[in-house]
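1. Okay, sequence plus prediction incoming.
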Amino acid sequence: MFTSITAKAAVAGAIAVALVGVSVTAAQAKAEVGTATGQSSEEIYLWDGTEGSETLIPDNTGVMQWGQKIYGYPKNTGFDQYDTYFQGPAAATNVSVFLSNRGEERDTSKWISRGPNAFADPAAKTVLTPMLAPEDTGGTALADVKAKGGDYSLGIAYTSGAGVIVEAPTFVHIKVLPGGNYTYEASTTGGTTTPPPAGAQTADININAGVIEGDGALKLTVPTTSVTLDAPVINAAGLSEANGSITGIQVDDTRKTADRKGWNLTQSVNNFVSGANTIDKKNFGVTPMVITTTQGATPAAPQPAGSAVYPAPFASAEAGTTAGIGTTLSAGLKLIAPAGTPAGTYTSTMTLTLVSK
């Protein structure tokens with residue numbers, strides 16, 4: 001018995017609205033202060049610690065040599081006063097200096113190298129002018145960094161859990177040239193390392209920007225209008241069994257936030273027919289699967305061949321999901337013909353229906 005199934009799709013009650021946002025420029029390379037991945041917990045600048053020098057290394061343009069004595073300081077002025085401390089969080093129990101790939105500052109397991117440091121006041125969790133050259137972090141991997149160069153983060157990390165958990169990292173971005181010379185980008189809240197001149201006046205301006213959400217849709221896409229199951233075999237029960245699949249079913253919800261209330265995808269199946277012969281649809285099994293989703297979609301329970309009931313749920317997503325390209329689905333298919341079913345090519349139609357909640 002050679003079996004085929006035709007898949008048809010219908011969208012019921014689709015709401016046509018979508019997101020249109022405000023465009024923004026690409027983020028600067030400078031590491032800004034914040035709590036997110038890739039952000040420093042404090043402002044930090046690098047200073048030449050050569051005795052008698054104690055000068056600020058110019059951000060982006062000052063070139064440091066491998067082996068040069070470098071210190072970190074939370075200001076770009078007053079290094080010679082030694083009166084401003086880095087401030088760690090209350091949960092921190094240790095301090096380390098570290099070198100990592102950018103974006104991996106908060107994961108000690110991914111650090112390239114690290115070295116010891118200490119609190120100036122363990123109770124207050126303060127750190128004063130830590131030595132902060134790449135070689136201060138120690139480790140055999142530094143030789144490879146010096147030889148090959150690259151973009152890294154260099155700083156101090158307030159840790160707990162025997163130095164494993166990063167409570168907060170304070171760091172600069174450095175660019176190492178092959179051979180070891182390097183420059184850095186200070187971590188600042190204002191995006192500048194130049195203090196205003198004496199007597200200067202400043203004024204803040206609040207920026208207000210509107211955001212609108214335009215038209216979009218709840219959309220169902222099927223990859224094909226016809227699926228042919230694999231050649232049938234005789235299974236352990238002595239019955240004709242044919243298996244197959246549908247891959248690449250797509251549900252995209254680009255509606256605006258207020259209308260993104262989730263969705264339901266259902267399936268219905270007709271009886272299989274070959275001339276005057278019929279196989280009841282209950283003998284056709286469907287196993288829905290979610291392959292990828294940005295919308296928290298979940299598949300429905302399988303309909304087993306021999307006791308399937310249609311119409312039936314296929315998949316669903318709840319309200320408040322992420323807009324945009326959303327969910328890719330597939331289905332495992334199985335037709336088991338009852339004993340005594342005449343050989344032939346049997347055809348049915350599956351209908352998928354997508355509706356908004």
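-> Noted; the coordinates are in hand.

2. got any ranges where the stretch 1-150 of the chain has weak pLDDT?
-> 1-31, 52 (pLDDT under 70).

3. could you pull out the helices for it?
-> 142-148 (DSSP state H, counting those that start in this stretch).

4. would you list every one of the strands in it?
-> 2-11, 45-48, 55-56, 70-73, 86-87, 94-101, 113-116, 126-127, 150-160 (DSSP state E, counting those that start in this stretch).

5. for the ones you listed, which one sits closest to residue 339?
-> strand 2-11 (16.1 Å; CB to CB). In short, each C-beta sits where N, CA and C put it, glycine included.

6. domains in this protein, as residue ranges please.
-> 2-19+216-356, 45-185 (automatic domain parsing).

7. Pipe these into CSV and attach mean neighbour count and distance to residue 32 per row.
-> Shown next, in CSV, are the domains of the chain (neighbours: other CB atoms under 10 Å; distance: least, CB to CB, whole Å):
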stretch, mean neighbour count, distance to residue 32
domain 2-19+216-356, 17, 25
domain 45-185, 18, 10
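
8. Centre-most residue in this structure?
-> Central residue of the chain (CA atoms, centre = their mean): residue 294, 10.3 Å from the mean position.

9. Would you confirm that that one contacts residue 317?
-> No - distance between residue 294 and residue 317: 9.8 Å, which falls outside the contact criterion (CB atoms under 8 Å).

10. okay, and the common contacts of those two?
-> Common contacts of residue 294 and residue 317 (CB atoms under 8 Å, 6 or more residues apart in numbering): 326, 327.

11. Now find how far off-centre stretch 221-232 is within its chain.
-> On the basis of CA atoms, centre = their mean, to the nearest Å, stretch 221-232 sits 33 Å off its chain's mean C-alpha point.

12. re the thing from before, report the separation between the residue nearest to the centre of the chain and residue 214.
-> Using CB to CB, to the nearest Å, residue 294 is found at 20 Å from residue 214.

13. what does residue 315 give?
-> Taking CB to CB, one finds residue 315 at 27 Å from residue 214.

14. for residue 184, same thing?
-> Distance from residue 184 to residue 214, by CB to CB: 43 Å.

15. next one: residue 134
-> For residue 134, the distance to residue 214 - CB to CB - is 49 Å.

16. what's the answer for residue 203, then?
-> 35 Å.

17. Can you give me every residue that contacts residue 49?
-> 69, 70, 71, 131.

18. Next, format those residues as JSON lines and append distance to residue 46.
-> As requested, those are exported to JSON lines (distance: CB to CB, whole Å):
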{"residue": "69", "distance to residue 46": "11"}
{"residue": "70", "distance to residue 46": "5"}
{"residue": "71", "distance to residue 46": "7"}
{"residue": "131", "distance to residue 46": "11"}
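
19. Nearest to residue 247 among the residues you listed?
-> Distances from residue 247 to the contacts of residue 49, taken by CB to CB, are shortest for residue 70, at 55.6 Å.

20. For beta bridges, what are the partners of that closest one?
-> residue 48 (DSSP bridges).

21. Can you tell me how far it is from residue 166?
-> Distance from residue 70 to residue 166, by CB to CB: 22 Å.

22. cool, and residue 336?
-> 56 Å.

23. Of the strands of the stretch 1-150 of the chain, which is nearest residue 347?
-> Using CB to CB, the nearest of the strands of the stretch 1-150 of the chain to residue 347 is strand 2-11, at 5.5 Å.

24. Spatially nearest residue to residue 220, not counting backbone neighbours?
-> residue 354 (4.1 Å; CB to CB, 6 or more residues apart in numbering).

25. Now do the SS call for the one you found.
-> Secondary structure state of residue 354, per DSSP: H, G, I helix; E, B strand; the rest coil, is strand.

26. quick one: secondary structure of residue 208?
-> coil.

27. Distance-wise, check it relative to residue 34.
-> For residue 208, the distance to residue 34 - CB to CB - is 22 Å.

28. One more: residue 147?
-> 33 Å.

29. again, but for residue 51
-> 35 Å.

30. ok, residue 155 - contacts?
-> 40, 44, 72, 97, 98, 105, 132, 169, 170, 171, 172, 187.

31. ok, those vs residue 330, which is closest?
-> residue 105 (38.8 Å).

32. got the phi/psi numbers for the closest one?
-> Residue 105 adopts backbone torsions of phi -70, psi -20, taken as degrees, to the nearest 10.

33. follow-up on the earlier one: more neighbours: which of residue 208 and residue 34?
-> residue 34 (12 against 4; other CB atoms under 10 Å).

34. OK, contacts around that one?
-> Counted by CB under 8 Å, 6+ apart, residue 34 has contacts residue 40.
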